[in-house]
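Q: The sequence and its predicted three-dimensional model are supplied below.
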Amino acid sequence: RWLFNQAVCTLYAFCGVLFGLCSLTSLTVLSTVCCLKVCYPAYGRCWVLLLCVWVYALLFATAPLAEWGSYGPEPYGTACCITWKASSREATLYILALFVFCYLLPCLLILISYSLILWTVRVSRRAVRQH
C-alpha cells in the first residue's frame, strides 16, 4: 500500500507524468529534428524546441493540479499516478486529451519522421546509382 500522505502521492504522480511526458516528447522532437536535418537541411536549427518540450509536458502534468483530471493511488495502491477511472466528464476529456496529444500524436510524428528519412535515403541512393 502507499505509505505516505496524499500530498506526497500527488507529487510522486506529478513527477512521473512530467518526466514521462518529457521523455516521449523529447524523442518526438529528436526524430523531427533528425528528419529536418536529413530531408530539409536548411531548417535543422531547432534549439527552441527543448523549451517547448518542457512547456508541453508541464501543461499536461499540471492539469490534474488545476482540477482537470486527478492524481491518486494506482489500483494496487503501491504507487500513485493519474486516476484512470474517470469520475467526471472533465476527467474523461483529460484522459482523452492525454491519449491523443501525449501518445497518439507523438507516435505518429515519430513514425512520419523516420518514414521521411527512409524515403529520402532511398531516393538519394537511387540518384547516386544513376550517376
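A: Happy to help now that I have it. Numbers count the residues shown, from 1 in each chain.

Q: In contact with the nearest residue to Glu67 once chain neighbours are set aside: list those residues for me.
A: Once flanking residues are discounted, Glu67 sits nearest to Glu90: 7.3 Å by CB to CB, 6 or more residues apart in numbering. Glycine gets a C-beta too; all of them are placed from N, C-alpha and C. Under the criterion of CB atoms under 8 Å, 6 or more residues apart in numbering, the contact list for Glu90 reads Glu67, Trp68, Gly69.

Q: again with Val128
A: When the contact criterion is CB under 8 Å, 6+ apart, Val128 has no partners at all.

Q: who does the helix ranked longest in the chain touch, helix- and strand-wise?
A: Counting residues, the longest helix in the chain under DSSP state H turns out to be helix 6-39. Here helix 6-39 is seen to pack against helix 49-62, strand 71-73, strand 80-82, helix 105-130 when contacts are counted using 3 or more CB pairs under 8 Å, 6 or more residues apart in numbering; DSSP states H and E.

Q: Just tell me which of the ones you listed ends up closest to Gly16.
A: For those, the distance to Gly16 is smallest for strand 80-82, at 6.0 Å, taking CB to CB.

Q: got the helices and strands packed on helix 6-39 as TSV, with mean pLDDT and distance to Phe14 columns?
A: Putting the helices and strands packed on helix 6-39 into TSV (pLDDT from 0 to 100; distance: least, CB to CB, whole Å) gives the following:
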stretch	mean pLDDT	distance to Phe14
helix 49-62	93	6
strand 71-73	91	6
strand 80-82	93	9
helix 105-130	94	20
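
Q: just to revisit the earlier point, so the residue nearest to Glu67: helix, strand or coil?
A: Under DSSP: H, G, I helix; E, B strand; the rest coil, the three-state class of Glu90 is helix.

Q: circling back to that earlier point, name the member of the contacts of Glu90 with the most neighbours.
A: Across the contacts of Glu90, the neighbour count under other CB atoms under 10 Å reaches its highest value at Gly69, namely 24 neighbours.

Q: Would you double-check that that residue falls in a strand?
A: No - assigned with three-state DSSP, Gly69 falls outside any strand and is coil.
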